[in-house]
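Q: generate coordinates for the sequence data below:
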Amino acid sequence: MELVNIFVRSIFIENMIFAYFLGMCSYLAVSKKVNTAVGLGIAVIFVLAVTIPINYLLENYLLKSGALAWMSPKLAKVDLGFLSFIMFIAVIAAVVQLVEMAVEKFSPALYSSLGIFLPLIAVNCSILGGALFMQEKDFPSLGQATVYAVGSGVGWALAIVAIAAIREKLRYSNIPAPLRGLGIAFILTGLMGIAFLSFSGIKI
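A: Sure, this is the predicted structure:
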């Protein structure tokens with residue numbers, strides 16, 4: 001039940017886009033077509049699902065105070081927490097590089113559509129934000145951290161696919177010229193954020 005709670009909260013209540021507005025640059029730039037949004041959403045899910053568990057292991061068995069006690073009792077007082085940012089970013093950059101090579105090899109059309117925003121996943125604040133939230137929440141097990149990672153990725157993907165679907169329909173709408181493009185996208189994002197805020201009252 002706790003895993004379901006973490007999964008649902010990370011998708012709806014603590015959504016990376018609508019609750020924290022993380023990863024907005026990719027969200028706004030790649031949400032013009034549903035196909036492209038789905039591709040980037042899957043890539044973000046994969047990167048979060050891989051990097052957060054790895055960073056969880058690094059945090060709990062290498063970086064935080066007392067994490068090295070499993071190696072030797074003499075190292076129990078060692079605190080490498082100051083290396084968290086560097087280690088988290090290094091893991092994220094490595095995984096994103098692998099994803100970029102895989103997408104380029106197996107789906108050149110998607111690679112071309114995503115353009116610069118695929119390698120920019122490495123500096124997408126929602127990816128680093130997921131690792132830092134994992135650190136803040138201090139999950140007691142790797143399983144919970146992994147479920148949180150997948151849920152956060154699904155929530156981000158849901159947000160970008162939803163806005164892409166709406167923006168595709170808006171092409172046929174009579175929108176005032178000053179609001180076309182990013183203007184109406186910001187308004188829709190705010191409205192969707194308010195809508196997702198209603199999930200915060202759910203008790204699981």
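Q: can you give me the strands in the protein?
A: With strands called from DSSP state E, the chain shows none.
Q: what is the least confident helix or strand in it?
A: helix 108-114 (a mean of 82; mean pLDDT, DSSP states H and E).
Q: could you report the distance from residue 37 to residue 140?
A: 34 Å (CB to CB, to the nearest Å). (Glycine included, C-beta is placed from N, CA and C.)
Q: the residue lying farthest from the centre of the chain and residue 195, how far apart?
A: Each residue of the chain has a distance to the centre, and by CA atoms, centre = their mean the biggest one is for residue 74: 37.2 Å. Residue 74 is 54 Å from residue 195, where distance means CB to CB.
Q: run through the residues that contact the nearest residue to residue 75 once chain neighbours are set aside.
A: Closest residue in space to residue 75, ignoring its immediate chain neighbours: residue 68 at 3.8 Å, by CB to CB, 6 or more residues apart in numbering. Listed by CB atoms under 8 Å, 6 or more residues apart in numbering, the contact partners of residue 68 are 61-62, 75-76, 78, 80.
Q: where does residue 68 land on pLDDT?
A: Listed pLDDT for residue 68 reads 89.
Q: circling back: with neighbour numbers in mind, choose between residue 37 and residue 140.
A: More neighbours surround residue 37 than the other of residue 37 and residue 140, with 26 against 10 (other CB atoms under 10 Å).
Q: distance of the nearest residue to the more buried one once chain neighbours are set aside from residue 9?
A: Closest residue in space to residue 37, ignoring its immediate chain neighbours: residue 164 at 3.7 Å, by CB to CB, 6+ apart. As defined by CB to CB, residue 164 lies at a distance of 24 Å from residue 9.
Q: more neighbours, those two?
A: Neighbour tally, residue 164 and residue 9, criterion other CB under 10 Å: the higher count belongs to residue 164, 23 against 20.
Q: residue 61 touches residue 67, doesn't it?
A: Yes: the pair residue 61 and residue 67 qualifies as a contact (CB atoms under 8 Å) at a distance of 5.5 Å.
Q: hmm, back to that, tell me what the least confident helix or strand of the chain is packed against?
A: helix 34-58, helix 84-106 (3 or more CB pairs under 8 Å, 6 or more residues apart in numbering; DSSP states H and E).
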